[in-house]
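>>> Sharing a model prediction with you, sequence too.
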Number of protein chains: 2
Amino acid sequence: MDHLGLLQRIARPAETKIVLLVIDGVGDLRTAEQPQTALERAETPHLDDLAGRSALGRIVPVAPGVTPGSGPGHLALFGYDSTTPEADIGRGVLEALGVDLDLDAGDVAARGNFATADADGRLTDRRAGRISTEECERLVAKLRDHLARNPVDGLGEVTLEAGEGHRFVLVLRGDGLSPHLSDTDPQELGVEPLDPEPWNPQGEPGPGAGETAEKVRALIATLQEALADEDRANRVLLRGFSSRPGLPGVDELYGLTAGAFAGYPLYRGVAKACGMRVVPCGKGFGEILDRVEERWEDFDYLFLHVKQTDAAGEDGDVERKAEVLEGVDRELPRLLDLGPDVIAITGDHSTPAPMKAHSWHPVPLLLHGPHCFVDDTRAFHEGEATRGHLGTFPSRYLMGLLLANAGRLAKFGA
Amino acid sequence: MDHLGLLQRIARPAETKIVLLVIDGVGDLRTAEQPQTALERAETPHLDDLAGRSALGRIVPVAPGVTPGSGPGHLALFGYDSTTPEADIGRGVLEALGVDLDLDAGDVAARGNFATADADGRLTDRRAGRISTEECERLVAKLRDHLARNPVDGLGEVTLEAGEGHRFVLVLRGDGLSPHLSDTDPQELGVEPLDPEPWNPQGEPGPGAGETAEKVRALIATLQEALADEDRANRVLLRGFSSRPGLPGVDELYGLTAGAFAGYPLYRGVAKACGMRVVPCGKGFGEILDRVEERWEDFDYLFLHVKQTDAAGEDGDVERKAEVLEGVDRELPRLLDLGPDVIAITGDHSTPAPMKAHSWHPVPLLLHGPHCFVDDTRAFHEGEATRGHLGTFPSRYLMGLLLANAGRLAKFGA
């Protein structure tokens, strides 16, 4: 039996609340140049106090050496094996779910960028000078309008939704569409955008890919007609064509009523793909806690997502990363005061400042609950986590520990 | 997706060099009688200094409690799941590859021993008094000659190659041959050599096993005719009948140009079966480093194999094992001076002196590279390795860590 099947079989209801606080990219490195990780550097009295009453350990998002994107990183935290085909959630789907578009089975979603090309059609800016969100909304309205007057033959329903800055989301709904299309974003300047082609990174493109590619080329031509008189945003780039995967939700798997409190679209998208209800909230941890306090009674599993640690890590700024952690620490008592039965504090992956990128390194984990084993650790950081009671294990096993500590798993076998 | 498939999917090229230094059987035990392991006993200032700038951990070759042979031990280090049928490389194949014989798919290889039998045909020495390599070469030439004049009906091409001492290799090439034959070496004295019989440890013997067994019996009779006038080497014993497995190479899997620097045939054979190029070299670590220095530019992955620790462990001689380690330590700066981007120092398994044999115990691992996490460990031995940042994990995950540290793995998923 696979692990999810086992958990589903023994999951049982209980009157308990679980909080999973994901501090994005929290794990960091010690190197010759950076002798302390962000967690070691930060003053975090509340986290350290909690660590003294909790069990620590470390989780490995996918496998040793494998650096996860945000999708696989979070799926593993919710208990899924992110290497299975069903767990392969495309970027387009994540973005669409994140901006609250509904996706039916068979719909094809893509992430869009407005971009700038010169008179020869060569890209000069893949983000159209990072236009404002208001500008993006104006452009999307213009595209919708033009498309309503010039529909693309046989393409069915086309939805366009503005995102932040230069970003938008495209959703296609119709018979026989295929998500097996290559990106049109060439990821470099000085060249023309690419044509979408039939493409499937996991094998042969499925049926309909050729026809869908043809229709999407026609759609792109139509959209660019509408942008012909724009100075900056005169091109659209599309990537991450994908359809909604068939993941069973956390409600169905574990019997949880789950709420996702995240300020950024991507994480809302992943949570929604896993059967959680999304509670829109601001981006700071304090704003997230405002919503958590309001909606505390509505859920028995609350996923809270703090993004700024990851951003600081990607900027290579260990000091700012530590400051974000200190900010989380200051607000932490508000969360604890709500009295969750079980709380886990960890990350979806490490984003070490010295690497300025996601990495494969194990992520520190703090687990607090009535049966968590109070180990000898006295602070929340990588060094202490290495010697904690929980040991080091794949992230996807965390869900079982949360459920167990919350009294939500029955004994297995007689 | 299985782990190898995942690594293959995300492997990407980089201008980096990886060194894997395998100190065979390096792991040891503490017992009441032997309070220090070989690594703890040895004075290894260079290894300890490197440990202070590196991450330590431990690897488990196959599974807890499972003692690996050299084949599975090394396959795991190269990233393979050594318990799959494809990874089941027979002793015959390893020996044949190790003495640089070419093996096509379908060829059947076996390891041979010259042995002594009395007038009744009962074995009195399974190694023919450990004859010299020169003597072995003379005998193999004699066998070839006899066989050329007395070919075995329907057996196709027969290759015989002398090895060290009493050892030789047999390779059969022809249509419809099966490797599913039992050993003729009875592994005891006072009995006659066994006849080869159809035999497959993993299930039913495949097609052709019966006929192949019959032909090999005829071959053995012919070979022993040639030895009838020999005093000592009057019998041949064959074991490890096997065909080349279908393992994808490390070039195909990870995009590595890999070189194997090993003084002993068996390890050259394993490396060759995994798609590495073999650089013949002497048996001492210094001689190995001579070749490594010469061929440094030719490879981006260099596998170095030091054998003498294992031999000392099998002899139960912890002091000699420690001396070998001190010798490796003295030469280590030469390797570090070459400037590998990533270096791992570990073993294929433990060979504790108190056990005088391979064992299942976790093997200390040192990993040095730009993103290795400089942990709190300050020496390279079992005790420090237990508390290192890398934790304890199956050996086959080491390859992912090496590739990741060398910048040779792309991010997984959006």
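Looks like it came in fine.
>>> What is the burial count for the closest residue to chain B within the stretch 151-300 of chain A?
The nearest approach of the stretch 151-300 of chain A to chain B comes at A:G240, 6.2 Å away (CB to the nearest CB). Just so you know, the C-beta spots here come from the backbone N, C-alpha and C atoms, and that holds for glycine as well. For A:G240, the neighbour count with other CB atoms under 10 Å in any protein chain shown is 22.
>>> Likewise for A:A385?
27.
>>> Is the closest residue to A:R235 other than its chain neighbours part of a helix or strand, or is it coil?
Using CB to CB, 6 or more residues apart in numbering or on different chains and skipping the chain neighbours, the partner closest in space to A:R235 is A:A115 (4.3 Å). Here A:A115 is recorded as strand under DSSP: H, G, I helix; E, B strand; the rest coil.
>>> Return the residues in contact with A:A115.
A:A115 sits next to A:123, A:125-128, A:166, A:185, A:193, A:233-237 when contact means CB atoms under 8 Å, 6 or more residues apart in numbering or on different chains.
>>> redo that, cut-off 6 Å
Applying CB atoms under 6 Å, 6 or more residues apart in numbering or on different chains, we find A:A115 in contact with A:123, A:126, A:128, A:235, A:237.
>>> Please apply the same query to A:L238.
Residues near A:L238 by CB under 6 Å, 6+ apart: A:110, A:112, A:184.
>>> Any idea what it is bridged to?
According to DSSP bridges, the partner residues bridging A:L238 are A:G112.
>>> pLDDT weak spots in chain A?
Scanning chain A with the threshold set as pLDDT under 70 gives no residue ranges.
>>> Just give the nearest non-adjacent residue to the residue of chain A found nearest chain B, would you?
Using CB to the nearest CB, the closest approach of chain A to chain B is made by A:G65 at 2.9 Å. Sequence neighbours aside, B:G400 is the residue nearest to A:G65 in space, at 2.9 Å (criterion: CB to CB, 6+ apart).
>>> what's near enough to touch the residue nearest the centre of chain A?
What sits nearest the mean C-alpha location of chain A, by CA atoms, centre = their mean, is A:Y267, with 3.5 Å. Shown in contact with A:Y267 (CB under 6 Å, 6+ apart): A:H305.
>>> Can you name the next helix or strand after the helix or strand harbouring it?
In this assignment (DSSP states H and E), A:Y267 forms part of helix A:265-273. As assigned by DSSP H and E, the chain's next helix or strand after helix A:265-273 is strand A:277-280.
>>> Tell me how many other residues surround the nearest residue to A:D183 once chain neighbours are set aside.
Once flanking residues are discounted, A:D183 sits nearest to A:R239: 3.8 Å by CB to CB, 6+ apart. Neighbour count of A:R239, defined by other CB under 10 Å: 22.
>>> returning to what we had before: these two touch, right, the residue of chain A closest to chain B and B:L402?
No. Assessed by CB atoms under 6 Å, A:G65 is found out of contact with B:L402, at 7.5 Å.
>>> The residue nearest to A:G65 in helix, strand or coil?
Secondary structure, three-state DSSP: B:G400 is helix.
>>> Which strands or helices does whichever helix in chain A runs longest pack on?
Longest helix of chain A, by residue count under DSSP state H: helix A:318-337. Here helix A:318-337 touches helix A:38-41, helix A:45-52, helix A:285-295, helix A:308-314, going by 3 or more CB pairs under 6 Å, 6 or more residues apart in numbering or on different chains; DSSP states H and E.
>>> how far does it sit from the chain's center?
21 Å (CA atoms, centre = their mean, to the nearest Å).
>>> Next secondary structure after it?
Next helix or strand after helix A:318-337 toward the C-terminus (DSSP H and E): strand A:342-346.
>>> Get me the contact residues on chain A for chain B.
A:29-30, A:62-69, A:71-72, A:83, A:91, A:355, A:360, A:386, A:392 (CB under 6 Å from any CB of the partner chain).
>>> The same query, at a cut-off of 7 Å, please.
A:29-32, A:62-69, A:71-72, A:82-83, A:90-91, A:94, A:240, A:355, A:358-361, A:383, A:386-387, A:392 (CB under 7 Å from any CB of the partner chain).
>>> What subset of these is buried?
Those of these that meet the buried threshold are A:29-31, A:62-69, A:71-72, A:82-83, A:90-91, A:94, A:240, A:355, A:358-361, A:383, A:386, A:392, by 16 or more other CB atoms under 10 Å in any protein chain shown.
>>> Please report phi then psi for A:L29.
Dihedral pair for A:L29: phi -120, psi 150, per degrees, to the nearest 10.
>>> Please list all residues in contact with it.
Applying CB atoms under 7 Å, 6 or more residues apart in numbering or on different chains to A:L29 gives the contacts A:37, A:352, A:354-355, A:361, B:371, B:373.
>>> let's see 6 Å
For A:L29, the contact set (CB under 6 Å, 6+ apart) comprises A:352, A:354, B:373.
>>> quick one, phi/psi of the last one?
In this case it means B:F373. Taking degrees, to the nearest 10 as the convention, B:F373 sits at phi 70, psi 110.
>>> What of the second one?
For A:P354, the backbone dihedrals are phi -60, psi -20 (criterion: degrees, to the nearest 10).
>>> how many other residues sit next to A:G5?
Around A:G5 there are 11 other residues, counting by other CB under 10 Å.
>>> Which parts of chain A are helices?
With helices called from DSSP H, chain A shows them at A:3-10, A:38-41, A:45-52, A:70-77, A:91-98, A:133-149, A:209-226, A:250-254, A:265-273, A:285-295, A:308-314, A:318-337, A:382-386, A:398-405.
>>> Include distance to B:D341 when you put the ones you listed into CSV, please.
Below are the helices of chain A laid out as CSV (distance: least, CB to CB, whole Å):
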stretch, distance to B:D341
helix A:3-10, 36
helix A:38-41, 25
helix A:45-52, 35
helix A:70-77, 26
helix A:91-98, 31
helix A:133-149, 42
helix A:209-226, 40
helix A:250-254, 41
helix A:265-273, 32
helix A:285-295, 38
helix A:308-314, 22
helix A:318-337, 23
helix A:382-386, 23
helix A:398-405, 33
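>>> mind checking which of the ones you listed is nearest B:L47?
helix A:382-386 (21.1 Å; CB to CB).
>>> residues in contact with the closest one?
Under the criterion CB under 6 Å, 6+ apart, residues A:37, A:56, A:58, A:364, A:377, B:389 lie in contact with helix A:382-386.
>>> Now A:E225. Nearest residue, chain neighbours left out?
Leaving aside its chain neighbours, A:E225 sits nearest to A:H146 (6.7 Å; criterion: CB to CB, 6+ apart).
>>> I figured that neighbour hits A:A226, correct?
Yes. Counting by CB under 6 Å, A:H146 touches A:A226, with 3.5 Å between them.
>>> what's the distance between the closest residue in space to A:E135 that isn't next to it in sequence and A:L139?
The shortest distance from A:E135 to any non-neighbouring residue, by CB to CB, 6+ apart, is to A:A233 (7.4 Å). A:A233 sits 5 Å away from A:L139, going by CB to CB, to the nearest Å.
>>> How far off centre is stretch A:400-414?
Chain-centre distance of stretch A:400-414: 27 Å, with CA atoms, centre = their mean.
>>> List the buried residues in it.
By neighbour count with 16+ other CB under 10 Å, stretch A:400-414 contains the buried residues A:400-409.
>>> Also stretch A:120-138?
When neighbours are counted by 16+ other CB under 10 Å, the buried residues of stretch A:120-138 are found to be A:123, A:125-129, A:131, A:135-136.
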